[in-house]
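# missing the sequence, but the structure's below:
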């Protein structure tokens, strides 16, 4: 199996699905798109990346050799629940959902003639929609692949080919481990950013608080503007790891509050210097900063 | 009084003082620099912005018509405490510290022949040092001015001239109100960013957590790498407003944790949609987003 021979269908024509189409369309046999939103379908039609844009999910599934699901996680679960009947067999399904344990469990329940693999490209923007689609969105990002025990080698190979074509880096990972780690690196940042904005809005109500919001506030709060349906799906399909991350954060914030209240300079330094050193070393190509401490 | 006639001294040759020197040096009668750190003095000498770089504080103060203090807040307090004797009179002192209530209170205790005004440019970077100095650092930022009751009109006018020369926007504000608001827009983001990094490091220890840290984590955590001496000074001179901000944040995080634990979709939406709407409208030139809600 090679992508060049595959009739590919992308369900979900938002930022991720649109960007995927923009990068993938020259490299597969045909490309069909579908989205529940008529406006997204119309924009996809105009973009010129698709051989056809289907009017319903069944139409999108027929003739698909490779089905790529680029919708929020609970929509992925809904589609996986009902595609057994509609999908021609053999076929391959890959999802791009932001949490992986539940999606991979649902894939395990698919008929055996439908092969499947979970995926999660670690990129995105705080904007959404196919109008923001960018064929370079995936360049240089880590692309998590979660093969099932039953995933065939040729399916894993095709997934690698897709990741390579997007100029992303493949990262094979257990789905639960993925979910535990993105709770820390993606879902917790979202909740902290949202908390920051809400705190400033509530406590600063009626005062010129936004006049004093500079680049630090801007960056720290950016992801609070993320798509709500996407984030709520994530939060509801990764509850236990997120609760663990929140609980650990709350304990750290409480330690910081006590140190501020006591004016305890030594304690503040001991709490704040390790994360300062870690963050200063991150995103510099050195991924083993923990060992430096 | 006009800057063109003023012999200016900048104490503190880090990012802020260096950037100030880079922008200011063509526009004043002379420019003297001083820093406790010999390496910073040496770098300042080489930068070519200063008429002279003094070897001690007393040398930096003699002949200064306008003294600009660009050191961490507690160093500002220390200098204000002892310059009455060294500074030629009349003179004007302006500080650029990140918290204003304590500095302005210390200015009120200066001899009457030394006029004074508090300042805080709302800009910065997570890097520090004169090597990162940039004459454009202040462009377009809000520059808070906190005049004392005793501040003379000509001093306030010169402060405005300085802000204008830096292409920043002056914002006259009460020092305690400034401190209350930056607790929300600057100090809380720092503590949340630091908490995020520490949580990910502790909970992800020994696992490939940083491989899953993408642009969302990068931006949300950026300010955790800020200079520790600067941040500790800020935290210790703005304790009550910061505690209030932390307390409000902890309550919001707890509400979010309960909603996640209960899988309460409606409650999650009601907690997360208002900050999403506020953040989406911020940094677009619209400063009255609260009214939209």
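Looks like it arrived, so ask away. Since the structure is predicted, the reported quantities are computational estimates derived from the model, not experimental observations.

# next, the residue lying closest to residue A:140 once chain neighbours are set aside: phi, psi?
Distances taken as C-beta to C-beta, 6 or more residues apart in numbering or on different chains place residue A:167 nearest to residue A:140, at 6.7 Å, with adjacent residues excluded. (Glycine included, C-beta is placed from N, CA and C.) The phi and psi values for residue A:167, taken as degrees, to the nearest 10, are phi 60, psi 30.

# ok, residue A:167 - how many residues close by?
14 (other C-beta atoms under 10 Å in any protein chain shown).

# for it, give me the pLDDT.
What the model reports as pLDDT for residue A:167 is 97.

# cool, residue A:112 as well?
pLDDT for residue A:112: 89.

# show residues contacting stretch A:257-265.
Outside stretch A:257-265, the residues that touch it by C-beta atoms under 8 Å, 6 or more residues apart in numbering or on different chains are A:267, A:268, A:271, B:232, B:235, B:236, B:239, B:242, B:243, B:246, B:247, B:250.

# buried sites along that stretch?
The neighbour-count check on stretch A:257-265 (16 or more other C-beta atoms under 10 Å in any protein chain shown) flags A:257, A:259, A:260 as buried.

# what strand or helix carries the first one?
Secondary structure assigned from DSSP states H and E places residue A:257 in helix A:239-262.

# buried ones in that helix?
Quick answer for helix A:239-262 (16+ other C-beta under 10 Å): A:239, A:241-246, A:248-250, A:252-253, A:255-257, A:259-260.

# which is the next helix or strand following it?
Following helix A:239-262 toward the C-terminus (DSSP H and E): helix A:265-281.

# how many residues are close by residue A:27?
The number of residues packed near residue A:27 is 16, by other C-beta under 10 Å.

# I'd say it and residue A:165 touch.
Yes - at 5.7 Å, residue A:27 counts as touching residue A:165 under the criterion of C-beta atoms under 8 Å.

# spit out the residues that contact those two alike.
residue A:3.

# name the nearest residue to residue A:40, ignoring sequence neighbours.
Using C-beta to C-beta, 6+ apart and skipping the chain neighbours, the partner closest in space to residue A:40 is residue A:13 (4.3 Å).

# got a pLDDT number for that neighbour?
97.

# surely it is in a helix?
No - looking at residue A:13 with DSSP: H, G, I helix; E, B strand; the rest coil, it is coil, so not inside a helix.

# count the neighbours of it for me.
Count around residue A:13 with other C-beta under 10 Å applied: 31.

# residues contacting it?
When contacts are counted by C-beta under 8 Å, 6+ apart, residue A:13 touches A:21, A:33, A:34, A:35, A:37, A:40, A:41, A:43, A:44, A:53, A:70, A:130.

# first to last residue in stretch A:160-173, what's the distance?
13 Å (C-alpha to C-alpha, to the nearest Å).

# and the helix holding residue A:257, how far out from the chain middle?
25 Å (C-alpha atoms, centre = their mean, to the nearest Å).

# what about residue A:94, is that helix, strand or coil?
Look at residue A:94: counting by three-state DSSP, its state is strand.

# can you pull the contacts of it?
For residue A:94, the contact set (C-beta under 8 Å, 6+ apart) comprises A:66, A:67, A:68, A:69, A:116, A:117, A:118, A:119, A:159, A:162.

# between the contacts of stretch A:257-265, which is nearest residue B:202?
Relative to residue B:202, the closest of these is residue A:271; by C-beta to C-beta it sits at 11.7 Å.

# check contacts around the closest one.
A:252, A:255, A:256, A:259, B:194, B:198.

# residues near residue A:67, how many?
26.

# where does it fall, secondary structure wise?
Secondary structure assignment for residue A:67, by DSSP H and E: strand A:66-69.

# name the helices or strands packed onto that strand?
strand A:7-11, helix A:73-86, strand A:91-95 (3 or more C-beta pairs under 8 Å, 6 or more residues apart in numbering or on different chains; DSSP states H and E).

# figure out how far stretch A:87-102 is from the centre of its chain.
Offset of stretch A:87-102 from its chain centre (C-alpha atoms, centre = their mean): 14 Å.

# OK, contacts around residue A:120?
Residues counted as contacts of residue A:120 (C-beta under 8 Å, 6+ apart) are A:96, A:97, A:98, A:100, A:143, A:144, A:146, A:178, A:182.

# looking at this, it is in a helix?
No - looking at residue A:120 with three-state DSSP, it is strand, so not inside a helix.

# bridged to it, which residues?
Legend: beta-bridge partners of residue A:120 under DSSP bridges are residue A:144.

# quick check: the one residue sitting closest to the centre of chain A vs chain B, distance?
Central residue of chain A (C-alpha atoms, centre = their mean): residue A:98, 3.6 Å from the mean position. For residue A:98, the distance to chain B equals 11 Å [C-beta to the nearest C-beta, to the nearest Å].

# tell me the SS of that residue?
With three-state DSSP as the criterion, residue A:98 reads coil.

# would you confirm that it contacts residue A:234?
Yes - using C-beta under 8 Å, residue A:98 is in contact with residue A:234, at 4.9 Å.

# shared neighbours, the two?
A:72, A:73, A:186.

# let me see the contact set for residue A:154.
Applying C-beta under 8 Å, 6+ apart to residue A:154 gives the contacts residue A:1.

# the host helix or strand of it to strand A:91-95, inter-axis angle?
Assigned by DSSP H and E, residue A:154 belongs to helix A:153-165. Relative orientation of helix A:153-165 and strand A:91-95, computed by axes from the mean of the first three to the mean of the last three C-alpha atoms, to 10 degrees: 50 degrees.

# give the buried residues for the helix or strand just after helix A:153-165.
Heading C-terminal from helix A:153-165, the first helix or strand you meet, by DSSP H and E, is strand A:169-172. Using 16+ other C-beta under 10 Å as the burial criterion, the residues of strand A:169-172 that qualify are A:169, A:170, A:171.

# figure out the helix or strand that residue A:103 lives in.
Assigned by DSSP H and E, residue A:103 belongs to helix A:101-108.

# does that helix reach chain B?
No - using C-beta under 8 Å from any C-beta of the partner chain, helix A:101-108 stays clear of chain B, coming no nearer than 12.6 Å.

# let's test this: mean pLDDT of that helix, rounded?
For helix A:101-108, the per-residue pLDDT averages 97.

# which other helices and strands contact the host helix or strand of residue A:229?
Element membership for residue A:229, per DSSP H and E: helix A:228-236. With contacts taken as 3+ C-beta pairs under 8 Å, 6+ apart, helix A:228-236 sits against helix A:73-86, helix B:265-281.

# buried stuff in the last one?
If you call a residue buried by 16+ other C-beta under 10 Å, then helix B:265-281 has these buried ones: B:268, B:269, B:271, B:272, B:274, B:275, B:276, B:277, B:278, B:279, B:280, B:281.
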